Structure formats: structure tokens, C-alpha cells
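Q: For reference, the sequence and a predicted model appear below.
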Amino acid sequence: MALIIEQQPKYNLLPVGQETIYTVHDNTAISGNFKIKYIAEIYVNNVSSNLMVTANRVAVLKASPNAKGRGIFDLQSILQSYVSPDYEGGVVHNSTTSFFSQYNGTNYSDTTPHTIHQIDDFSTNRNSVRYVRVRFKIEFATTATGTVSTALGSIDSNKILVFNGVLYETDILKMDTNGKFGYHLGHQGLIMNTSGDKFLTNAPTTQYIRLNDYMTLPFFSQYNDDFRVGVSGLTSPSIKFIKIQFYYNGSTTGSLITKTISPSTGGHSGYMSDSNNKLQFAGVGTGNLVGSGVSLPANWDYYTVVAHDSGDNLVSDTYKIYKQEDDCKGFETIRLTWLNKYGVWDYYNFTKKSTRTYNINRKQYKQVSGTWNENIYRTKDHKGGTKNFSGSITEQIAINTDYITEAEAQWLEELFISTDVFILNKRSTDSTDEGYIRKYIEPVTITNTSHTRKTTANDRLIQYNFTLQKTRTKKTHRI
């Protein structure tokens with residue numbers, strides 16, 4: 001047999017929300033045979049060393065030859081089921097259970113959980129990235145009425161890493177002469193190996209934060225295939241340090257804060273073939289810094305965040321995070337976090353007027369006005385008439401931005417279309433009696449059905465409003 005793979009993804013690191021096309025061909029098998037089917041066995045796992053074992057085979061697909069004798073498979077819908085957002089911290093990687101992300105210095109556990117937003121220092125992913133490989137075979141019958149059997153021999157695709165991102169129809173693809181195509185993450189600056197590269201977000205490099213706000217910055221931490229993490233020639237191509245410096249009146253204040261990525265801080269920088277380590281989160285909000293034991297300067301205007309590789313080379317753009325106060329008119333600040341297009345988290349403070357509206361859905365019944373189960377019938381003052389049997393209350397919040405830039409306006413479009421949005425509350429003292437579960441995040445949905453992109457040329461001043469609906473209803477007493 002001469003089964004060959006004619007087409008597969010151009011890059012071995014790709015967002016799962018795109019067409020993941022494989023084309024196979026076997027001239028010998030399709031010539032003169034019957035009931036021909038190409039077979040694709042799909043293997044998915046966290047660790048690449050034992051990827052191609054039966055326990056990791058998640059699906060078997062079959063395709064008939066097309067008019068050109070080729071079998072074409074799109075794995076997107078299947079692979080999307082094997083990655084998901086990281087909502088919580090947890091174990092560092094699959095090879096050991098000795099190290100975890102921390103919140104207030106306490107390791108993540110079933111009894112001491114924390115959200116991904118609350119991490120003190122770092123957290124690896126547990127759900128966002130997976131290894132994938134495909135084994136192709138072919139089956140056929142030698143006669144029109146013969147028994148179908150699978151031919152001897154098979155061919156394996158390249159090993160790829162898929163992450164929980166999506167591509168838009170406007171994202172530019174690169175194609176080579178063999179028909180392989182893909183999204184060039186390095187060209188978009190999303191693989192950190194130079195001083196101008198980005199964390200895994202389209203957020204502007206200027207951000208705003210209050211005291212005790214939580215915030216993470218995600219990044220591809222280890223990779224050396226299509227796209228190299230870190231500068232050329234590193235023995236261990238990975239991100240090793242996140243460095244933070246505070247400023248006041250144009251000058252530095254306080255010492256440089258160097259957060260080292262290691263298992264003891266919830267991350268991992270040593271290169272290994274474990275998908276948990278390929279994408280990681282750094283806790284860089286003021287709330288995260290305080291939780292990790294950092295003392296914030298008494299006076300500061302902003303601080304910078306940069307990434308360095310394992311050779312201590314600067315490999316990211318400089319993110320400036322400015323101190324933000326609550327509105328002077330007393331408006332409530334509402335901080336949102338949402339799942340961005342790369343399957344990780346972005347953050348924004350809505351500081352202007354917000355209006356809360358409560359809607360109730362009541363179930364009613366007609367109550368008799370007396371008693372029928374006593375010696376005589378008695379009329380009761382509290383009985384009779386229409387009663388509410390039960391009710392569920394939903395809360396809506398109309399929120400408004402301050403005046404923003406065009407770059408912020410385009411970025412906030414990802415909030416409008418995000419499937420996962422939460423209100424994120426500020427860090428505060430956790431009472432040992434009260435606990436902290438359900439204290440920091442509240443799930444909401446965006447109810448706006450349309451969104452108009454505003455520009456300085458069209459609108460001069462740009463301000464957006466969104467309507468949130470809390471997804472957890474308030475309960476009432478039940479009769």
C-alpha cells in the first residue's frame with residue numbers, strides 16, 4: 001500500500017476553533033477495489049510520550065474517497081470537546097501532584113480551591129491545551145460482495161498542540177505550496193521571543209487597576225517547534241521570570257519585583273512534554289501581588305510588567321498598569337473578566353454610572369378563604385384570594401465605560417461576543433468563619449443584541465454601555 005498524508009495543519013500549535021484539515025490518498029488501494037473507506041483514528045492526551053495508545057484514542061472517523069480519490073477529514077468539532085477554559089488553579093502538571101498554585105500562600109486543594117484570577121504567582125493550564133495525533137488507515141473489499149477488511153500498515157500525522165482559542169473569519173492564514181495552511185501566531189506577536197511580543201491577549205498594553213483588583217496575564221510558556229519561545233539558542237526554551245516595577249512621579253519606587261516561574265510558585269519553566277506547561281497564567285494584579293506577600297509602595301502611579309526567558313532575556317512588550325480610583329461622583333466600579341478569543345481571561349473596570357434592575361417571575365394560585373379540616377368551617381383573615389406560590393428574581397445591571405480609545409473599543413468587542421463573563425470583586429480579608437466561596441466571581445451574561453463599533457472620526461468621544469444579567473437568581477420563600 002502507498003497511503004500518504006497530502007495535507008495537514010501547517011503549524012503544530014493551533015487554536016482549536018479553526019478548520020483542522022487532513023487529506024489522505026492511496027492510489028493502490030482505491031484502484032479496482034470496492035467499499036473503500038479512509039480511516040482516521042484520533043488520539044488526544046496531556047502527555048506526548050504515551051500519546052499513541054488505545055486509552056487515548058478518542059474517536060475513529062471514516063470517509064469515502066472524493067472525486068479525486070482523496071479522503072478529507074476536518075477534526076475541529078471533535079477536538080473542541082477536549083479543551084476548555086481554565087476557571088480554577090490546581091496541580092502544576094501531570095507528572096507529579098506535589099506542587100499547586102497558591103492563594104494567600106495556601107495550595108489549591110478540594111477543600112481550599114481558588115479561581116484562576118486569585119492566584120498569588122502562577123498557574124499552569126489544566127484544560128486549555130492538549131496533544132493530538134492522527135493515525136490513518138484504509139479499508140476495502142476486493143470484490144463488490146466481498147468482506148471489508150482493513151489493509152495492513154498505517155501512517156501517523158505530525159504531533160500537534162491545540163489550545164482553546166478561536167479564529168475569526170478575518171484572521172489571515174498562510175498557505176504553502178502543498179496546500180497546508182495555518183494561523184501564524186509568531187507573526188501576530190503571540191509567541192514571546194522579542195521585546196515587542198505580547199501576552200496571550202489583544203488588550204492594549206496600557207491597563208488600569210484599583211488597589212486589590214485581581215488580574216492575570218496568560219502566555220505560551222514552553223515551545224520550540226514552529227514558533228520558538230525565548231531567544232534563539234536556549235537549552236530550555238521557556239519563559240522563566242515575570243518582572244514588575246512600580247513608578248511614582250516618573251521615577252521608580254520600591255525594588256524590582258522578580259517572580260520566578262517554578263513548581264513552588266505554581267508554574268513550571270523546565271522544558272517538558274506536558275501540555276499543562278505549554279500555557280500558563282501570571283498573577284499580576286494588585287490583589288495578586290498582596291496575596292503573594294508583596295508590599296505595595298505607599299505612593300505609586302503605575303507599574304510595569306514584562307516577561308524574561310530562561311536566559312533572562314527580555315521577550316515581551318512592556319505592559320503599563322495605571323492606578324485607578326473609583327469615580328469621584330460615587331459611581332460603583334464594576335470589574336468584568338471574560339474569556340477572550342484565545343481561550344484565556346481579559347479584564348476591564350467599568351467606572352461610570354451603573355443601574356441595577358430587578359425582575360421577578362411569580363407563580364400564583366387561588367387560595368380558599370377558610371378551613372375545611374376542623375370541627376366547623378372557619379373564615380381566616382390571612383387566607384383567601386390570589387397568592388404567590390413562588391418567585392424567582394433576576395438582576396440586570398446597565399454599565400458604562402469612561403471615554404476610551406479606539407484600541408480599547410476594538411478590544412472590548414471580544415467582551416460583547418464572549419460566552420463566559422464574570423463580575424470580579426476586589427480582594428478583601430477572608431474571614432475563617434465565613435469563607436470565600438462565591439465571594440469573588442459572579443457569572444453574568446451580556447444581553448445586548450447589537451454592538452456598534454465607534455471611532456474617533458465618527459463619534460469623537462467613544463463610550464460604550466453594556467447590559468449584564470446575573471445568571472444566578474435570587475430565591476424567594478415558597479408557600
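A: Good, I have the coordinates. Numbering: from 1, shown residues only.
Q: And I399, how far from T357?
A: 12 Å (C-beta to C-beta, to the nearest Å). C-beta here means a position set from N, CA and C on the backbone, and glycine is covered the same way.
Q: So which of these two has more stuff around it?
A: The neighbour count for I399 versus T357, taken as other C-beta atoms under 10 Å, is higher for I399 (23 against 11).
Q: Now do that one against T452, distance only.
A: In this view, I399 and T452 are 17 Å apart by C-beta to C-beta.
Q: again, but for G267
A: Counting by C-beta to C-beta, the gap from G267 to T452 is 40 Å.
Q: between these two, who's got more neighbours?
A: G267 (28 against 8).
Q: got a list of what the residue lying closest to the more buried one once chain neighbours are set aside touches?
A: Among residues not flanking G267 along the chain, F122 sits closest, at 3.3 Å (C-beta to C-beta, 6 or more residues apart in numbering). F122 makes contact with 101, 242, 259, 261, 265-267, 280-283, according to C-beta atoms under 8 Å, 6 or more residues apart in numbering.
Q: Which of the residues you listed fall in strands?
A: 242, 259, 280-283 (DSSP state E).
Q: Which of those residues has the largest number of neighbours?
A: Neighbour counts for the ones in strands among the contacts of F122 (other C-beta under 10 Å) peak at Q280, which has 32 neighbours.
Q: And it, how far from I116?
A: According to C-beta to C-beta, Q280 and I116 sit 11 Å apart.
Q: Find the residues that touch each one of those two.
A: Shared contacts of Q280 and I116 (C-beta under 8 Å, 6+ apart): S123.
Q: Show me where the chain has its helices.
A: 27-30, 76-79, 286-291, 406-411, 413-417, 456-459 (DSSP state H).
Q: do you know which of those helices lies nearest K68?
A: helix 27-30 (10.1 Å; C-beta to C-beta).
Q: pLDDT (mean, whole number) over that closest one?
A: The average pLDDT for helix 27-30 rounds to 86.
Q: and that helix, which residues are buried?
A: Buried residues in helix 27-30, defined by neighbour count with 16 or more other C-beta atoms under 10 Å: 29-30.
Q: Then stretch 433-442?
A: Buried residues in stretch 433-442, counted by 16+ other C-beta under 10 Å: 436, 440-442.
Q: what residue ranges in this protein score low on pLDDT?
A: 1, 479 (pLDDT under 70).
Q: mind giving me the domain ranges of this structure?
A: Domains of the chain are assigned by automatic domain parsing as 4-83+130-182, 91-126+187-324, 348-475.
Q: For the ones you listed, give me TSV that also has distance to E332.
A: As requested, those are exported to TSV (distance: least, C-beta to C-beta, whole Å):
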stretch	distance to E332
domain 4-83+130-182	32
domain 91-126+187-324	12
domain 348-475	5
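Q: hmm, back to that, just put the ones in strands among the contacts of F122 in JSON lines and tack on distance to T194.
A: Below are the ones in strands among the contacts of F122 laid out as JSON lines (distance: C-beta to C-beta, whole Å):
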{"residue": "I242", "distance to T194": "17"}
{"residue": "K259", "distance to T194": "21"}
{"residue": "Q280", "distance to T194": "19"}
{"residue": "F281", "distance to T194": "22"}
{"residue": "A282", "distance to T194": "19"}
{"residue": "G283", "distance to T194": "24"}
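Q: Where is the longest strand in this protein?
A: Longest strand in the chain, counting residues (DSSP E): strand 385-400.
Q: who wins for proximity to W338 among the domains of the chain?
A: Nearest to W338, of all the domains of the chain, is domain 348-475, at 4.1 Å by C-beta to C-beta.
Q: Report the separation between the two terminal residues of the closest one.
A: 29 Å (C-alpha to C-alpha, to the nearest Å).
Q: Stretch 274-293 now?
A: Stretch 274-293: ends 29 Å apart by C-alpha to C-alpha.
Q: Go through that stretch and flag the buried ones.
A: For stretch 274-293, burial by neighbour count (16+ other C-beta under 10 Å) applies to 274-292.
Q: I'd guessed K243 sits against D309; true?
A: No: using C-beta atoms under 8 Å, K243 is not in contact with D309; the gap is 11.8 Å.
Q: tell me the contacts of the residue nearest to T379 when sequence neighbours are not counted?
A: Closest residue in space to T379, ignoring its immediate chain neighbours: G370 at 4.6 Å, by C-beta to C-beta, 6+ apart. Neighbouring residues of G370 by C-beta under 8 Å, 6+ apart: 377-380, 383-384.
Q: Which one, of the helices of the chain, ends up nearest to P237?
A: Smallest distance to P237 across the helices of the chain (C-beta to C-beta): 24.9 Å, for helix 76-79.
Q: What is the end-to-end distance of stretch 95-111?
A: So stretch 95-111: terminal residues 22 Å apart, C-alpha to C-alpha.
Q: buried set for it?
A: Going by 16+ other C-beta under 10 Å, stretch 95-111 has these buried residues: 95, 99-103, 107-108.
Q: Now distance to A59 too, for those, in a markdown table please.
A: A markdown table is the format used below for those (distance: C-beta to C-beta, whole Å):
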| residue | distance to A59 |
| --- | --- |
| S95 | 26 |
| F99 | 33 |
| F100 | 32 |
| S101 | 32 |
| Q102 | 37 |
| Y103 | 37 |
| N107 | 36 |
| Y108 | 31 |
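Q: ok, which pair from the residues you listed is furthest apart?
A: Within the buried residues of stretch 95-111, S95 and Y103 form the most distant pair, 22.9 Å apart (C-beta to C-beta).
Q: Return the closest of the buried residues of stretch 433-442 with respect to W345.
A: Among those, and counting by C-beta to C-beta, the member closest to W345 is I441, at 10.7 Å.
Q: Return the set of residues that bridge with the closest one.
A: Here I441 sits in beta bridges with L424, as judged by DSSP bridges.
Q: List the contacts of it.
A: I441 is in contact with 115, 117, 337, 422-425, counting by C-beta under 8 Å, 6+ apart.
Q: Which member of the residues you listed is positioned nearest T456?
A: Taking C-beta to C-beta as the measure, T456 lies nearest T337 of those, at 27.0 Å.
Q: burial count for that closest one?
A: T337 has 23 neighbours, counted by other C-beta under 10 Å.
Q: Looks like it contacts W345 (just checking).
A: Yes: here T337 lies in contact with W345, judged by C-beta under 8 Å, at a distance of 5.2 Å.
Q: which residues are common contacts for those two?
A: Common contacts of T337 and W345, defined by C-beta under 8 Å, 6+ apart, comprise H117.
Q: Ends of stretch 459-476, what's the gap?
A: End to end - C-alpha to C-alpha - stretch 459-476 spans 45 Å.
Q: G230 and K240, how far apart?
A: For G230 relative to K240 (C-beta to C-beta), the value is 8 Å.
Q: These two - which one has more neighbours?
A: Higher neighbour count among G230 and K240: G230, with 28 against 24, using other C-beta under 10 Å.
Q: Next up, the contacts around that one.
A: 192-193, 237-239, 309-311, 313, 315.
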